[in-house]
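Chemist: everything below, folded, please.
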Amino acid sequence: MIQPFALSDLDRILKIELEAFPKSPYDWATFINLHYLYLETFLVYVSPALGRKEGQILGYIIFTEEGHIISIAVHPRHRRRRIGKELLERAMTAPHIEKVWAEVRKSNQGAQAFYLHMGFKVTGVVPNYYENEDALIFQWTPSPESD
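Modeler: A predicted model of the protein is given here:
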């Protein structure tokens, strides 16, 4: 189930972050800042079976009210279980969203396949976004009939 991030989730989020993004993980201070900046749109996926008390945070998403995905990650052992899909759909169905977009490492084939499967399209490239690696910009726009 998807719930708002709480500071008590920070240790579990940091573990997911290190496993999901070993090249450039966010640190604890970044997550605390993101928590205060995006209070309403920093969400965690909690295991329905075990719940938050058992520390079973399986993934998270942080996005702006305009639709920019700042970060999304699912613990590697829990991928391909629709957790990332549910988290991303929460951003895609947020009120007043006109588009949703994210930057993805050019080398991250898994993330690229995920966004394409979710209906996103590549709309641009940001040279050296990840210091020495380009990012592809993936964007999704709701169809007019989904209003």
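Chemist: C-alpha only now, for contacts and for neighbours.
Modeler: Fine.
Chemist: below-threshold pLDDT in this structure: ranges please.
Modeler: Filtered on pLDDT under 70, the chain yields the residue ranges 50-55, 145-147.
Chemist: just give the closest residue to the most centrally placed residue in it, not the sequence neighbours.
Modeler: Central residue of the chain (C-alpha atoms, centre = their mean): Ile72, 1.5 Å from the mean position. With sequence-adjacent residues excluded and distances taken as C-alpha to C-alpha, 6 or more residues apart in numbering, Ile72 is closest to Ile61, at 4.2 Å.
Chemist: now do Leu7
Modeler: Ile32 (7.6 Å).
Chemist: can you classify the one you found as helix, strand or coil?
Modeler: The local conformation at Ile32, judged by DSSP: H, G, I helix; E, B strand; the rest coil, is helix.
Chemist: list of residues touching the helix or strand hosting Leu136?
Modeler: Assigned by DSSP states H and E, Leu136 belongs to strand 135-140. With contact meaning C-alpha atoms under 8 Å, 6 or more residues apart in numbering, strand 135-140 is reached by 99-106, 115, 119-129.
Chemist: pairing partners for that strand, with directions?
Modeler: Each strand that pairs with strand 135-140, with its direction, by DSSP bridges: strand 100-105 (antiparallel), strand 121-126 (antiparallel).
Chemist: redo those strands as JSON lines? Include distance to Phe21 and mean neighbour count.
Modeler: Below are these laid out as JSON lines (distance: least, C-alpha to C-alpha, whole Å; neighbours: other C-alpha atoms under 10 Å):
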{"stretch": "strand 100-105", "distance to Phe21": "11", "mean neighbour count": "22"}
{"stretch": "strand 121-126", "distance to Phe21": "19", "mean neighbour count": "15"}
